[in-house]
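Q: heads up, no residue letters with this:
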């Protein structure tokens, strides 16, 4: 995927072409056509055919497909409008390797305790893999977690595995209450603190909240600019006038902040 780092990923049910069409003009950075949980079993074939029609030509917005079965890969992999497959409920690295076809980028969704335990092996399973993400609804049920804080360790595990594998920071899982935008903003702030970057959504009204939560503040931009400027005039570790210590890792983080800030222009 080229262009700015995606922050918003909008799901749309594959058996609702009208909803998919609206998603494509919603402002989301990526649209995910869902052939799995969002589609009833008796509508799976129709959803696949409708998605094939959609992907018969490219779109300005990257289109990913969350597959529901192996036949989805066979039917859609060759189409020019496909940007990536998202593989649900991945538990072993072999599942990623088996899904790799024709160099189509893959994203693995980790939604179980076993998947979390195998996160790094999954993240390094195949060159076609572009990212991993956590599916919190299924994982919550698998673990019997009642409080949101109970998922913080698995969340951090996914973030660490992605980083260790050289993948992009994962996007947060969906926030299921489309009416609670304040709760969404607070939860995004928590995810950002844990190392996530961006979030999947299930309704367009969630998109601006997610983007605001993950874009740097004016204070963060100012601090990043100061770090990058200081690093350009010196080499190795250095201290800023206010006493902050700056090394290569800090500079890299500041550069990432400024790359995100470019979206504000």
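A: All right, it came through fine. What you see is a predicted model; the values in this text were computed from it and never measured. Residues are numbered from 1 along each chain as shown.
Q: Could you pull up the contacting residues of the nearest residue to residue 208 once chain neighbours are set aside?
A: Excluding the flanking residues, the one nearest residue 208 by CB to CB, 6 or more residues apart in numbering is residue 27, at 7.9 Å. Placement of C-beta: from N, CA and C, glycine included. The neighbourhood of residue 27, defined by CB atoms under 8 Å, 6 or more residues apart in numbering, consists of 8, 204, 207, 208.
Q: Tell me the backbone dihedrals of residue 27, please.
A: Backbone torsions of residue 27, given as degrees, to the nearest 10, read phi 100, psi 0.
Q: quick revisit: in strands, which of the contacts of residue 27 fall?
A: Applying DSSP state E to the contacts of residue 27, the entries found in strands are residue 8.
Q: Quick test: name the residue nearest the centre of the protein.
A: residue 171 (3.2 Å; CA atoms, centre = their mean).
Q: Remind me what whichever strand or helix holds residue 252 packs against, helices and strands.
A: Element membership for residue 252, per DSSP states H and E: helix 248-261. Counting contacts by 3 or more CB pairs under 8 Å, 6 or more residues apart in numbering; DSSP states H and E, helix 248-261 is packed against helix 218-232.
Q: Contacts for the helix it packs on next, please.
A: 216, 238, 240, 246, 250, 251, 253, 254, 255, 257, 258, 261.
Q: Outside of the helix holding residue 252 itself, list whatever touches it.
A: 4-5, 7, 214-216, 220-221, 223-225, 227-228, 231.
Q: could you redo the last one with a cut-off of 10 Å?
A: Helix 248-261 is touched from outside by 4-5, 7, 169, 197-198, 214-218, 220-232, 235-238, 240, 244, 246, with contacts defined as CB atoms under 10 Å, 6 or more residues apart in numbering.
Q: Spell out which residues sit in contact with the residue nearest to residue 175 when sequence neighbours are not counted, please.
A: Among residues not flanking residue 175 along the chain, residue 184 sits closest, at 4.6 Å (CB to CB, 6+ apart). Counting by CB under 10 Å, 6+ apart, residue 184 touches 172, 174-178, 199, 201, 205-206, 209-210, 213.
Q: Ramachandran angles for the closest residue to the residue nearest to the centre of the chain other than its chain neighbours?
A: Distances taken as CB to CB, 6+ apart put residue 198 closest to residue 171, at 4.4 Å, once the chain neighbours are dropped. For residue 198, the backbone dihedrals (degrees, to the nearest 10) come out as phi 80, psi -180.
Q: Lovely, talk soon.
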